[in-house]
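1. What would the 3D arrangement of this be:
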Amino acid sequence: MRKVEICFSPELIHLHQLSGKIVVVVDIFRASSTMIAALANGITEIQTFADLEACRQMATQGYLIAGERNGLTAPGFELGNSPVAFLNGKYSGKKLAMTTTNGTLAISKSEEADEILIGAFPNLKSTIDYIQDKAQDVLIHCAGWKGMFNLEDSIYAGALVKFLEASHQTAEDGALAMKALFEKEGHDLKGFLSQASHAKRLQNHGIEKDIDFCLSLDLYSMVAKVNENGALVKV
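-> The predicted model follows:
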């Protein structure tokens, strides 16, 4: 049987083997949720950057640029890191360059994987179905918060472990623990995650609509993956 494991922070990714595996990068509040919203609403591709300046320069190549640091839109950027900004096809047909505090760093540190997917609750079922059609082991790479563990990414990882249990066995204790956490608290994600430190940071910025979107299940029948050119696209 295939295996599934969890890396709880980009700071720990060096402890895991990536080659031969599907890596699912997850940053629930908010980068991976924003990426899914953008692609589902007509953005044709997303180029991700760990560095602000490299992302900012993509405006000269016709890209929309989205930059976020510490929950706020970075200076000089058109967009921040809000999934609701992309709803209703507002930017349909455009290409996006994006940099965030945690999520885009996790993507850049996953490059040795056979395949990189983007994980979010709004396309959870489609991601599960896609993975179960593949032969590889899975590593769920949580973006965390500035190198530290966070609840929202980890409970998503637990959901993925739970729903993959027919095809994948848990490879380590972290996956077992997060599966148990999701089984206990997954019926009320918003209530449980209202305690999370990053949810409180976002609430202080008055963006409850973003939080509601990020915790909505199965809005889209699509998968987001990094293609051979390094761009994130809808498949």
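
2. could you list every residue that touches F77?
-> For F77, the contacting residues are C55, R56, I65, A66, G67, E68, by C-beta atoms under 8 Å, 6 or more residues apart in numbering. For every residue, glycine as well, the C-beta is placed using N, CA and C.

3. if I read this right, the fourth one contacts N81, doesn't it?
-> Yes. Assessed by C-beta atoms under 8 Å, A66 is found in contact with N81 at 6.6 Å.

4. Can you report phi and psi for the nearest residue to N81 once chain neighbours are set aside?
-> Of all residues not flanking N81 in the chain, E68 sits nearest, at 3.5 Å (C-beta to C-beta, 6 or more residues apart in numbering). When read as degrees, to the nearest 10, the backbone of E68 gives phi -140, psi 140.

5. Between A66 and N81, which contacts overlap?
-> T34, M98.

6. Next up, the contacts around E11.
-> G144, G147.

7. same thing with T127?
-> V24, L117, G119, L160, V223.

8. Now for the third one: which residues touch it?
-> Shown here is G119, whose contacts under the criterion C-beta under 8 Å, 6+ apart are V24, V25, V26, S32, T127, I140, Y156, A157, L160.

9. Mind putting these into JSON lines with pLDDT, distance to F49 and secondary structure?
-> As requested, these are exported to JSON lines (pLDDT from 0 to 100; distance: C-beta to C-beta, whole Å; DSSP: H, G, I helix; E, B strand; the rest coil):
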{"residue": "V24", "pLDDT": "98", "distance to F49": "20", "secondary structure": "strand"}
{"residue": "V25", "pLDDT": "98", "distance to F49": "14", "secondary structure": "strand"}
{"residue": "V26", "pLDDT": "98", "distance to F49": "18", "secondary structure": "strand"}
{"residue": "S32", "pLDDT": "98", "distance to F49": "15", "secondary structure": "helix"}
{"residue": "T127", "pLDDT": "98", "distance to F49": "23", "secondary structure": "helix"}
{"residue": "I140", "pLDDT": "98", "distance to F49": "22", "secondary structure": "strand"}
{"residue": "Y156", "pLDDT": "98", "distance to F49": "23", "secondary structure": "helix"}
{"residue": "A157", "pLDDT": "98", "distance to F49": "24", "secondary structure": "helix"}
{"residue": "L160", "pLDDT": "98", "distance to F49": "26", "secondary structure": "helix"}
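
10. Narrow those to those that are buried.
-> Listed as buried from these are V24, V25, V26, S32, T127, I140, Y156, A157, L160; burial here means 16 or more other C-beta atoms under 10 Å.

11. mind checking pLDDT for the residue of the chain positioned farthest from its centre?
-> Ranked by distance from the centre of the chain (C-alpha atoms, centre = their mean), the top residue is T60, with 26.5 Å. Per-residue pLDDT puts T60 at 97.

12. quick one, phi psi at it?
-> Given degrees, to the nearest 10, the pair of backbone angles that T60 has is phi -70, psi -10.

13. how about the strands in this structure?
-> For the chain, the strands defined by DSSP state E occupy 2-7, 21-26, 45-48, 64-69, 72-73, 95-99, 115-119, 137-142, 168-170, 224-226, 232-234.
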